[in-house]
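**Student:** how would this look folded up:
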Amino acid sequence: SADRDYSKITSQDCSEVVTHYGGKKFGRLCDVTTGPNDEVIIVNGSNKCVVLDCKFNLLKLIGQESGNSGLVNPGGVAVTDSIIAVSDVGSDQVKKYSLDGELLSIIGSGGSKNGQFNSPRGLVFSANKMMYVVDRYNHKVQVFKDDTFAFSFGSRGSGPGQFQCSVRI
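**Tutor:** Next comes the predicted model:
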């Protein structure tokens, strides 16, 4: 589990607490998940998507390129058997990478229309590979199939089906 306030990860069996990778501190942790080969994949406030092995050794950094393919301010991460998807709050996009770290696609732009984001945060893939993305300041969840907007749900408010600046799904 990730502890955002204390910048540490605790192993599933609670036998190990990790605060560094490759001699560097995690920084502000935003999200953590596991990959198909037991990798630990984190995104942090240092504009990094970090992939570690199961013993927390650095395997690779993703999204470090300059320009459109790099990460500005990652907020969430989700993984399938072949894709690492990172919500990038700083560019109002979701960037999908191969497990090797190659940029595959960029979804969205800033705005409030379907397929646009205003601070995308938590994301998750369903069993049929639909991607659900929390759109924080548009107060909804947007759903994508094969990088194409499928539908959304939610609106601003505190009633059933409404959201107030949600960050996780």
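**Student:** wait, I169 touches K140, no?
**Tutor:** No - in this structure, I169 is not within contact of K140 by Cβ atoms under 8 Å, at 11.2 Å. From N, CA and C alone the C-beta is placed, and that goes for glycine too.
**Student:** more crowded one of the two?
**Tutor:** Set side by side, I169 and K140 show unequal neighbour counts under other Cβ atoms under 10 Å, the larger going to K140 at 23 against 13.
**Student:** distance of that one from L52?
**Tutor:** When distance is defined by Cβ to Cβ, to the nearest Å, K140 is 32 Å away from L52.
**Student:** H139 is in contact with R156, correct?
**Tutor:** Yes - at 3.9 Å, R156 counts as touching H139 under the criterion of Cβ under 8 Å.
**Student:** overlap in contacts of these two?
**Tutor:** Residues touching both R156 and H139 (Cβ atoms under 8 Å, 6 or more residues apart in numbering) are 162-164.
**Student:** which of these count as buried?
**Tutor:** Burial of these was assessed by neighbour count (16 or more other Cβ atoms under 10 Å); the buried members are F163.
**Student:** closest to I84 among the shared contacts of R156 and H139?
**Tutor:** F163 (25.4 Å; Cβ to Cβ).
**Student:** neighbour-wise, which of R156 and H139 wins?
**Tutor:** Relative neighbour count places H139 above the other of R156 and H139, with 18 against 12, counting by other Cβ under 10 Å.
**Student:** now do the contacts for the more buried one.
**Tutor:** 154-157, 162-166.
**Student:** where's the closest residue to Q164 other than its chain neighbours, which helix or strand?
**Tutor:** Spatially, and ignoring its direct neighbours in sequence, Q164 is nearest to S158 (6.2 Å; Cβ to Cβ, 6 or more residues apart in numbering). If you go by DSSP states H and E, S158 is not part of any helix or strand.
**Student:** S158 against C165, yeah?
**Tutor:** No - in this structure, S158 is not within contact of C165 by Cβ under 8 Å, at 11.3 Å.
**Student:** so these two - more neighbours on which side?
**Tutor:** Looking at S158 and C165 with other Cβ under 10 Å, you find the greater number of neighbours at C165, namely 11 against 7.
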